[in-house]
Structure formats: C-alpha cells, structure tokens
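1. Here is my input, please return the structure:
(2 chains)
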Amino acid sequence: MEPKERSSNKASQEMIGRMAEAGQQNAWDRLEAQSPQCGFGKQGICCRICSMGPCRTTKKAPLGVCGADVDTIVARNFLRAIAAGVSAHSDHGRTVAEVFLATAKGEAPDYKFKDTTKLYKLAEELGVKTKDRQINEIAEDIGKIALAEFGKPEGTQLMARRAPKSRQEIWKKLGITPRAVDREVTESLHRSTMGVDQDYKNIIKHASRVALADGWGGAMLATELQDVLFGTPYPGRGEVNMGVIKSDQVNIIVHGHEPILSEMIAAASQDSEMLAYAEKAGSKGINVAGTCCTANELLMRHGIPIAGNFLDQELVIATGAIELMAVDVQCIMQGLTTVAQCYHTKLITTTDKAKIHGVEHIPMDEATALTTAKKLVKMAIDNYKNRGDVYIPNEKKPAVGGFSFESINYMLGGRFRASFRPLNDNIINGRIRGIAGIVGCTNPKVQQDFTHTTLVRELIKRDVLVLTTGCATIACGKQGLTNPKEALELAGPGLREVCETVGMPPVLACGSCVDNSRLLVSCAEIVREGGLGDDLSALPVAGACLESVSEKAIAIGQYFVASGLLVIFAKEILPVLGSENVCNYLFNDIEKDLGGRWAVESDPVKAAEMMLQHIEAKRDALGINVKKERKLYDMEERRALTV
Amino acid sequence: MSRIIATSAINGAYKIVGQAKEILAKAIEQKGKDCKVEFPNTGYYIPIIYSMTGRAVETLADLEQVMDEEIKPLMPEPVADDVWLPYLGPLLDAGMATLFAEEIIEACKYLIGPNPVDDIWLGAADDVILRERGIQFVDGSAPGFAAIVGAAPDVETAVTIARKCQERSLYVFMAAHHNGTTFAEQLVEGGVQLGWDTRLVPFGSEISAAIYALGFASRAALSFGGVQPGDFRRNLLYNKNRVFAFVMALGEVTDEWYATAAGAINFGFPTIADSDIPEILPTGVCTYEHVVSNIGHDQIVEKAIEVRGLKIKVAHIDIPVAHSPAFEGERIRKDDMYCEFGGQRTPAFEWLRTQDISAVEDGKIEVNGPDVDSLEEGGKMPLGIMVEVAGRKMQPDFEPVLERQIHTFMNEAQGLWHMGQRDVNWVRISKGAFKAGFRLQHIGKLLHAMLHEQFSSIIDKVQIKIYSEEEQVLKLREQAQVVYAKRDARLAGMTDEDIDTFYSCTLCQSFAPNHICVVSPERPGLCGAYSWLDCRAAYEITPSGPNQPISKGNSIDPTIGQWDKVNEFVVKSSGGGVERMSQYSMIIDPMTSCGCFECIAAVLPSTGGIMIVNREYPEMTPCGMKFSTLAGTVGGGNQTPGFIGHSKHYINSKKFIAAEGGITRIVWMPKMLKEDIKETLIKRADELGLGGEEFLAKIADETSATTEEEVLEFITKAGHPATALEPMF
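-> Predicted coordinates for the structure are as follows:
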C-alpha cells in the first residue's frame, strides 16, 4: 500500500516511505502481514472464554459448546472490551489519586498542588471541610475519598452526581448508577465468564454501568485530580506534527497517557543544570515533545509540542533524531522496540505495570520523580552524540489547546461573567447548530487522520462546534483545524461569527482520551445553564470515533450512550455486527432505555450527515428551530428573571 | 470583526490604567498615602471596586492595592494577529480593569483636581440621589438608562435623541466628548434642562466619567438587590436582568471608549454606535447583541431599546406635547412661561370626587370659561379642575389618593408644570407647549387617560370639568374646601384602634426578602410614600399585589403594639425570619427595615433618649455613624433593637415609639429635619404638655452637639424631659 493511502498526513507519508526504503516495519506493514484478519473476531462472534471452546458461531453451528447463542457471545465480548477499557482509564485515575494522596502527605516532594481553586471546589463537592484547614489536610481527605471511589464496598460514584438530575433518575430506574470501579469491572468479568449472564440485554445493561463507572467515575477523577496537581488547562499555543522535532537539540519523546511522568520530564528538561549539560554535549537545548495522549496533556497545560498521534509513534523514531523515548501506559506498541533498535534511540519503560521484553526499565517512583526524570533527560543528552543520519519532515502547524470545562467557562465571559450562557444562547439561536465530540485513536485500517479530519471539516462547515480529545485532536492539529485563524475560514457563517466573537477555533482541543469526562461535564453544564432541555439526551449533541483502536474507545462510546448521546463508530471496527439482536438493540432499542444509542458509519461525510440529522432532530424536539420573535422585557417580566 | 474590538479595547485598557497610575502617583505625592479618598456622601466607598471586589477603599494606599492586586491580574496579553488565544474573556476582564482604573482617576480628581463637579458637570451621585432615583430602576418607573458617550453631530440631533429617551422615561447619563464638544453641552445649547429631575444627567466630559453611570448601577444592585459587596456575579446579573441600560456611542470610538464599553458589557449593557465600527452580534453576555454599529440618529434610540430587549409602554395620550415621567422634573421659569394659574396669584383648586355611575360620561371634558389663547404671553387666570369618577370598586377613601396623582400626571406632560395640591395648587404652561397647541382641554385629556391607565381596576368612568371664570372657581373652591376639611378630620381622627385591619407592604421584598412593613393608620410605611389609606387603595387596585390586608386579631400587648394575627402574618411573609413585631416599640421586637426609610431613630444610651437622622443629612451623627453606615445596620430586613427606620410623618404620630415614651425621647435631630417637621412637632409637643416650641429648643442638633457626650451635656443643661425618664433598656 502506498504511503499516501496509509496516511493523509504528509509528514507521516514521508516517514512511511523512508521506513519502507530502509526495510523497516511499522503498524501498516504488520497489518498487511496479518491480512486477511479473522472474520469471526471482527464480528465479535468468537468465544474463547472457556476451555470447551474456542467456539465461533456459524450458520451450521449457531451455538457454542455451552449453548451460548450469538447474541450472548457478542454481548459478552462487548462487555469484556468495555471492562478492559474502563480498567485502563480508571487505573490511570487510581495512579493519579495515589500520587495526589502522596503529594498531600508530603511523600511526593516533587509534585505540588498547582490549582488550589479547583482543589477547594472539589473539596466542597466531596463534602471535605475546608475552614481553618491547611491545603494538604484538605487534599489528603480528597485523595482518600478519590481513592475509595475505586474500591469502596458501598455506595455509588460521587462524581455521577454531576449529571443532571433527570439523568441520575434514569440510571437509578434502570439500576445502573455506577458503584466502585473495581466492583463494576470485576462484575463485568464475572457476568461474562462461562455460564453466568446469558441475556444480551442484561449484559449490555451492565456494560452501561461499568462504562459509567469510568466516564462519571475513574476517568473523571483522573481529569479532576490531574488538574489540581498539574494545573487546570487554559488556552495556550503549541505546535503539532513531526516538524517540531529539532535537528540541533536533544529530542525526548514522552509517549503514553499519564502526566505523572511527562510533567516531571518537562520540568527536568528546563532545569538549568540539565540545559548546561546539554550545551556541553553540543546541543542547542532540550526539546521535549509528545506522542499520543501524553502529548495532549502536555500541550493542554504547557504548550509543549506534539510530534504525532498513535500511528506516528514508530515514525518519529525513524527520523533518527530522537535520543530517548520514555513511555508509561496504554497504546505503546511493542513494535517500537524494533524501530528503536534501528536507530540510536533509547526506549525506556517507566511503569511497573507496563514493561516490554528487552527494553530498559527505569521505574518512576513518586517519591523520587524529579530525580528519575533528570536521570532520563541526562541519558538522552548522553545519547545525543550517538545520533546518525537525521530526517525530519518539515511539517508542523500552530495549534491552540487547553479547553477545559473551566477555561471554556472563562473564555465565554471572563472572570466576572464566566458561564456557558453564550454557548447555550448561540445554540438556541441557531448560529451553532449543535456540538460534536470527535474522539479517539488512529487505526491503520483507515487512512490515518483522514476520517477524523474530514468529519470535522464537514461538521464545522455546517456550523457544528467540535470538541475533540485523544488522537483525533492531534489529527486536527496537524491540519490546522485547532488554529483559530486557519480553521475560521472552514467554519460555516454562524459558527464563524461565534468563533470570531470569542476568539476561539471552531475545533476545541479538550485533552487526552481520559479527558472525555470534560465533555460530559460540559454537556451537564449546558443542561444546567438552561434553555436546551432538562436532560443530556435532549441536547443537540453527538459523538463519533471513526478510527478507534483501543478498548478504551468502546468504553467511552458506551458511557456516552449511557449518558444519553448518539455515538458513531466505523462499521468495520465495532465488533458487534455478528449479532442482529445486539445490533438492533445497540443501534435502536437502547435509545428507549437510555436516550442515547450507537450507530455505525465508515464514510466520514455520511457520518457527518447522520450527526447533523440527529442534531436537527433534537433541535426540532426542543422547539428551537422555529424562528421566534425577539422577546422584549417589561418590568414584570424582568422581575421574573433570576438574579 | 470582534478581534479588532478586542485589540482596541485591550489597548485602551492599558492606556487608561496608565493614566490611573499617573494620577494616583501624583495624588500620593501631593497628599500622602494615608490621605482619605471617597466619592461624596456615599456608604459604598468607591462603588464599582467595592461592588465587584468587596474592597472598602478609604485611602490612596488602598487604591494602590487595588491597582496591584485587582487591576494588574486582570490585564490580558494583547490580541495576537496570528494564532490568537480566545479573547472574549480577557476582553471583558480588561473592561472591568478599565472601570476600576477610571474610578481611581475620578476619585483622585476629587482630591487633586480638576474637580469632577464643575459648571454643568455633576460628578458622582450621592446616596440620597441613589435612593430616590435608583428605586425607579427597580420599581419600573424608569425602564433603564442610556449611557451616552461623545456628542451628536449637531445640537438638534442631540436634543431629539434626549427627548426620545425622556419620552420613554429613560435616564440619560452623559460622559466623554467628541469633536470638541459634549452631548450635555449640546443639550444646554438646545435649551434643554439638565439634571436628575429631568433625567438628563451630565456626569463629566471625559470617558472616565462613565463610571458614575456604572457605579450607580452597581450600587443599585447593592442597595435594592440585596447583593453583597464582592458578589460580582450576582451584581452583574442583577444589572443584566433588572437595570436595562445600554451605551450609546456618538462619534469616533476611541480605544478608551472600547475599553469602557467592554466594562459595560460585563453588566449586560450593550453598545449602540452611530459610527461604522465592527459589530459583535452573537448573544450571551448581554441579553441580545453586544455591539451594534452604524445606526442612523433617527433610529438610534429605537434600535438601542430593541438591542437591549426593552419593552417600553409609551402611553399615547391625545395631547400636543409628550408625556413621560422624565419630564416631571422639568421646571418652567418665568421667562419660559406662557401663562400660570393659582399659586396665590389667582384662585385655583383641584378636586376629585366620586359620582354615581350614571352621572359620569366617560371621556367627557368640559372647559367652562375662556381658554388660554385669550391671554397675553405671561398672563394668568383662575383654574378649577374637577375630576369626577365612577366605578364599582371606587370608595370615597380613595379620592385623596387619586387626587394626589393629579400633581404627577400634569407634571409629566412636557411644558406643563404643577406644584402643590387641593386649593394651593400652582400650574404653568410653557411657551413651547402653548405653541404646540396645548389648551385647557388637554389637561382634561391627560388626566382622563392617566387615571384610566393607572386605576382601571377601581374606576370605570372619568369625566373632567375645567373652570377658568373666577366667580365659578371661587364658588366651587368653597365646596371643595368643605370636603378637604372633612377628609383631614377623618384622617387625623383615624387611630389604629378604630379599625381592625392593617395592611402589609412587601413592595421591597425584591431587595430585602425578609422585610415586611405593617402599615397602620398611625404608623405609615417607613418610606413615607404609603399611608394606610394608600395601602388600602393599592390593595383594591391590585388584589394580589404587595399590599395585603392583615386582620389584627387579638391584642397581645397594647403598649408595644402586638397582635396575634399580625405576628402570624409576619412569620409567614418573612419566610420565618421574623417571629414577632411591635408596632409601637423600637426596643422589643421592632419592625424591620428594607432600606427605603426616610429617617433612622437610634438609641443614645447615656442620654436616655434617641436621635433621629434623616436621609438627606450627610454628616456624622452623635451615635458615631453617618446615615449611610447606619442604614447598613438597620436595613436588610433584620430586627435591630434600639434602631428603627421610619418615615418623617411617623415622628408626629401619637404612636411614635409609644412604648418608650414617644417624642419625649427625642434628644437630637439635624437642624434640617427639625425645620421640616417643626409645625406639627410643636403641636404634638403641646398636646403632650411638653411646651411646644420650648421642647423643640431642648432637642440638640449639629450646631449644639455632634457626639453623644455633647448631646448629654446639652440636654442636661436644657432640662430635656428625657433626662427624667427611665432608661430605655
């Protein structure tokens, strides 16, 4: 397959070409080698749960050995994928909670609570007393409460109280208000093991519950605690694409998901001692850049450049300019090992949970975080002299990131009038038709970045504001879609007018995949602000992930659906198509229970149309598509306005 | 495009903050850091800073702190040409910083000049004006204000815009200049009367004077909205949703204007400009658009009202001059007068009476006698105005209530001026109104229209007879005088014991949620505007309104004035905040106060008496607090034993703090208050055997005592009867 068919990103195309010339392998090559892939697996109808199997259902043999029908098998696989996705995000959340608590106790001296305003707000929300107490005492209580959310024996997720009342009622009625994360994951595995839950609707119901434990639990806590620890993101500038790698500097790539590591490396790279050391090594500086979600975390908070997204992880090493790549958890391809071996690049794993055979492991311990980070930076500098030929694609675009819930609030009204009112108003008056959440990964089965960005272009052209997270954000960044100036020209007239008023791009980079909780909180705020119905399912909002890779993406999809929203995945990537009943339920009937549903569509233009249709239907239902006369207020009517 | 606005506004903010730094440094150099700084006679310190940050600025050093700790952190980075960051939030912050800086500038000007009060310029509005005028923004009698900056292209346009605003009852607050002149100066040149009375208020000729308008708005939220200082969000939302104001920019919009306008947008006040500047049309911070530009002068007022989302009911009265509350304060001086009536120059009277419904032909207006065109310019003639009303719900007791409105209704006509009442009324018609065709029948037309407009729930028919022949006027006046005397006797003789129903007044609960006035014949509303009869009429007019009947029930204690049903009512309508309330005591369960009181009575413990201070008195009082500070203690719907807010009229009531000994306890009053109520107070003192004028002389005032010790010394020397009474506590 030609590089151009593999990726729509010019820098990636160049590197794919160069790697091919050098006879090096990457994900695309391995996909080819794997093709054709297992058709049963694709449809979700292969069951390896017990040793009577593996079974796969066919016309001839429609039942597994245990008698499980195709609906049960597909639903169980679906639930297991979601449980795995939830465990990933939530374990990330747990790690953050542990570092948070350690910081409060003074056991992680290199970490500080950077956003104390948010800390106080969180304390209030969690019922932690703040009067006459030190920050650390308050934080310790918060940390303990947060940590308990993963394994508490009783009660439901505290963060789920952020959802509109009507939504909480729906969950309560269905019995899916999420309990402790561990419990929901454990129960998922139990239910889906041989001979337990064999009613596909009941299985999917639990899929909602475990997913909610992530979206309104583990992942949300991860975001909240990270904001307190590392600072709540506010809009800032950065650059995206491989052109950010510097030919005359020591380049360090941080890759993975948790800012626990990358924050320290970023700090260490600015250390004067390290800078002097780098200078001595003949380098003009130390350039830290990110790939994957770690990159999003760093851009959001520090404007640190992004070298690429998931599929770029091997390509950046092939530039020959990377002295060190430090990785933590999730989406780290083992294939990195082989590419790194072709160059001088040192690949280092840093989390005990995620080692790679044959790769040097330097564990990141919160007690000595900065020291470890400095060690890594020093290793990179020491490795500078070993650099061979370098080829860095000359591609990069400026981007603006940092759109947290708090910063969106601020951006729309300043310190004194911060609120979502302008957003609601302009959705109601139709300048903005609705909001789309474009999230997720990059999958070699799809031309890299193409569907994300095509979808985004279609949406903004039709006056839909896009909020994006994860690798989709990086795809947008590479094409200038998060640059307020460049993207403005691509926005429809109504959206454009609002963007010009606020000074925001039509595509808001909201962070990493764990930060999808920011989208949920924003949607809840839109409901609270008023004028757009009283539940999330009433909102003219839809989500899509057309290049999904990770089980995390399915978990995200399910918590969006269980929150009342429409979610579109690419047809060939959602492994449920083997069961007509499961499909029918997920794509249609589930809406009656939850107000949200799944849909599949691989063509980004058609997906955009589908989202638009959904948005307009919601607008019709809200009655906001009917042009209303301007309301003029007399005194009586003014008194009725709340102040 | 709004980026251009953001760029200019942020530039402007830096310029103004720079100016503020400069003048502050100069003030500190001349006066020292500890020098007191204030706007005249206000309890709200430097009001926008106080409202938004809660900082009570008292010295120049405090202003320096505001500069460092409030303004500096609000100042954003300039807007980039490329890869800009969201600028709406920062723009609004820069706007607020601008307002803080402009307050610093104006506050320093009060200290080191040029004095903001100069020639036609009025500078800051004090708390008396705030109370009197601010309430109109809350009760709806002023739908909002236009903050006009700059100047119109010519005098005629300026006058037209101002008149249009007045006709819609809008206040016009003026600041800044354009092309070497100001809107205010243009109005003066056009012969328009400026001032709070005509709702045309010239604050200052620099843009920084715009903060007097916004300061007024933020104080209104504190004073009437029950908003706490520092609660910026509620303050601004209160303004967005209640005070419907807008900025009208006339002339070239400078960076500094943009910055100030950005400050105003925080309040939900949009800008409407006559020049071709970029627009901000998406809604959200303001109710509708934020900046609308290039509007022709012939439609700018209408456009502004539409953009602000204001519904203004302009009563169409078939008279040749405009009619609006904004004209109420317009005076007609001798030189502008075409003719006059009454005022001891000719016999005159006005009398409203109830007739049988069959005897009233609605809309009938009779003019008996010559009309004004028979007069030479500057002439005078007798005038009798007889209003006859009928309605199923009309009662004779409402006659004086309705009759008193004649004053307001007539004054509100442009070119018509009215003073006094009954048989001491005095009316003038201006040359302009006469020229426009105003004749005697129009008095009838406007009274007919306005009575229907405001009292349609109690009256069905209104006819008016105007008399201008002296003989007839005199004859009818005699009849009227008999009725006046009867009314007085009834009102004077009416005691709380005579009736079994009091009336509540919760008109002010919108800003003092726990407060409730209990109005009885002998204790009128503390604002002075509502007597028991007024409340009764108001109840009949709007049965679900803020005045509700309270059946007294059984007396619990006649001395302090408590009744079981009254207490029950108070508990319920104060939301449980107040359990018991005494009608006649300021010590035991005293009545709460909203904030509208005309006077405050406060115990001066060592003297065994009380002091009373009226709202107009700006100086320090013997209790160690000025009126404005005292008002903060007494108001807000809390019971504060030893302090009550009350009306002036109540002082001369037999039930004035009857439980504590009544007027015998008064040991200090400002001279101006003494003068004001002199006549009746003397009478009342005589009744009590305290010796009329002699008693008055025993009450200290600011010329004889300014501290509690001095009061004690004064009354001891004077032999004030309070010294012989039991202590109050």
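2. What parts of the stretch 251-400 of chain B come near chain A?
-> B:266, B:280-285, B:287-288, B:290, B:305-306, B:309-313 (CB under 8 Å from any CB of the partner chain). Every C-beta, even on glycine, is put in place using the N, C-alpha and C of the backbone.
3. Contacts only, for A:Val507.
-> Shown in contact with A:Val507 (CB atoms under 8 Å, 6 or more residues apart in numbering or on different chains): A:Ile438, A:Val456, A:Ile460, A:Val466, A:Leu467, A:Thr468, A:Cys476, A:Leu481, A:Thr482, A:Ala487.
4. what do you get if the cut-off is 7 Å, keeping everything else the same?
-> Contact criterion CB atoms under 7 Å, 6 or more residues apart in numbering or on different chains gives A:Val456, A:Ile460, A:Val466, A:Thr468, A:Cys476, A:Leu481, A:Thr482, A:Ala487 as the residues in contact with A:Val507.
5. Kindly report the same for B:Arg523.
-> B:Gln583, B:Tyr650, B:Ser653, B:Lys655.
6. In which helix or strand does the last one reside?
-> No secondary structure element spans B:Lys655, as it lies outside all helices and strands (assigned by DSSP states H and E).
7. List just the nearest of the contacts of B:Arg523 to A:Glu273.
-> Set against A:Glu273, the nearest of the contacts of B:Arg523 by CB to CB is B:Tyr650 (79.0 Å).
8. so which helix or strand takes in that closest one?
-> Counting by DSSP H and E, B:Tyr650 is found in helix B:648-651.
9. Output the set of residues of chain A in proximity to chain B.
-> Within reach of chain B by CB under 7 Å from any CB of the partner chain, chain A has these residues: A:235-237, A:398, A:400, A:410-417, A:421-422, A:425-426, A:429, A:431, A:483-485, A:497-498, A:500-504, A:630-635, A:638-639, A:641, A:643.
10. just checking, which of those belong to strands?
-> Counted as lying in strands by DSSP state E, out of the residues of chain A next to chain B, are A:Gly236, A:Arg237, A:Pro398, A:Val400.
11. How about B:Lys137, nearest residue that isn't a chain neighbour?
-> Careful, residue B:137 is Phe; it's not Lys. Distances taken as CB to CB, 6 or more residues apart in numbering or on different chains place B:Val243 nearest to B:Phe137, at 5.0 Å, with adjacent residues excluded.
12. would you say the one you found is within a helix?
-> No - applying DSSP: H, G, I helix; E, B strand; the rest coil, one finds B:Val243 to be coil, outside a helix.
13. Show me the domain layout of chain B.
-> Structural domains annotated on chain B: B:2-308, B:325-492, B:497-724, as defined by automatic domain parsing.
14. Can you redo those domains as JSON lines, where the extra columns are mean pLDDT?
-> Formatted as JSON lines, these follow (pLDDT from 0 to 100):
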{"stretch": "domain B:2-308", "mean pLDDT": "95"}
{"stretch": "domain B:325-492", "mean pLDDT": "91"}
{"stretch": "domain B:497-724", "mean pLDDT": "88"}
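15. ranking those domains by burial, who's on top?
-> domain B:2-308 (a mean of 22; mean count of other CB atoms under 10 Å in any protein chain shown).
16. What is the end-to-end distance of it?
-> 19 Å (CA to CA, to the nearest Å).
17. Then stretch B:72-88?
-> End-to-end for stretch B:72-88, by CA to CA: 18 Å.
18. Contacts made by that stretch with the rest, please.
-> For stretch B:72-88, the surrounding residues in contact (CB under 7 Å, 6+ apart) are A:235-237, A:398, A:400, A:411-412, A:415, A:483-485, A:501-504, B:3, B:6-7, B:10, B:13-14, B:17, B:90, B:93-94, B:96-97.
19. for stretch A:317-331, the distance to its chain's centre please.
-> Remark: stretch A:317-331 is offset 20 Å from the chain centroid, using CA atoms, centre = their mean, to the nearest Å.
20. Correction: the previous question concerned stretch A:491-502.
-> Counting by CA atoms, centre = their mean, stretch A:491-502 comes out at 26 Å from the chain centroid.
21. Next: stretch B:123-134.
-> That offset, for stretch B:123-134, works out to 7 Å (CA atoms, centre = their mean).
22. And chain A, is it touching that?
-> No - figure legend: stretch B:123-134 not in contact with chain A (CB under 7 Å from any CB); closest approach 14.4 Å.
23. Alpha carbons of that stretch, in PDB - could you do that?
-> The C-alpha trace of stretch B:123-134 is given here as PDB (Å, rounded to 0.1, in the frame of the first residue of the first chain):
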ATOM      1  CA  GLY B 123     -19.800  64.000  39.100                       C
ATOM      2  CA  ALA B 124     -20.800  61.200  41.500                       C
ATOM      3  CA  ALA B 125     -24.400  60.700  42.600                       C
ATOM      4  CA  ASP B 126     -24.600  60.600  46.400                       C
ATOM      5  CA  ASP B 127     -26.700  58.100  48.300                       C
ATOM      6  CA  VAL B 128     -29.700  60.400  48.600                       C
ATOM      7  CA  ILE B 129     -30.000  60.500  44.800                       C
ATOM      8  CA  LEU B 130     -29.300  56.800  44.600                       C
ATOM      9  CA  ARG B 131     -32.100  56.100  46.900                       C
ATOM     10  CA  GLU B 132     -34.500  58.400  45.300                       C
ATOM     11  CA  ARG B 133     -33.600  57.600  41.700                       C
ATOM     12  CA  GLY B 134     -32.300  54.100  41.900                       C
END
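24. who touches it?
-> Residues outside stretch B:123-134 that contact it (CB under 7 Å, 6+ apart) are B:39-43, B:116-117, B:196, B:203-204, B:212, B:216, B:219-220, B:223-224, B:596, B:615-616, B:628.
25. now swap in stretch A:182-196 and tell me
-> A:49-50, A:66, A:76, A:79-80, A:83, A:86-87, A:150-151, A:178, A:197, A:203, A:206, A:209-210, A:213.
26. Give me the distance between A:Ser522 and B:Val314.
-> From A:Ser522 over to B:Val314 the distance is 44 Å, taken as CB to CB, to the nearest Å.
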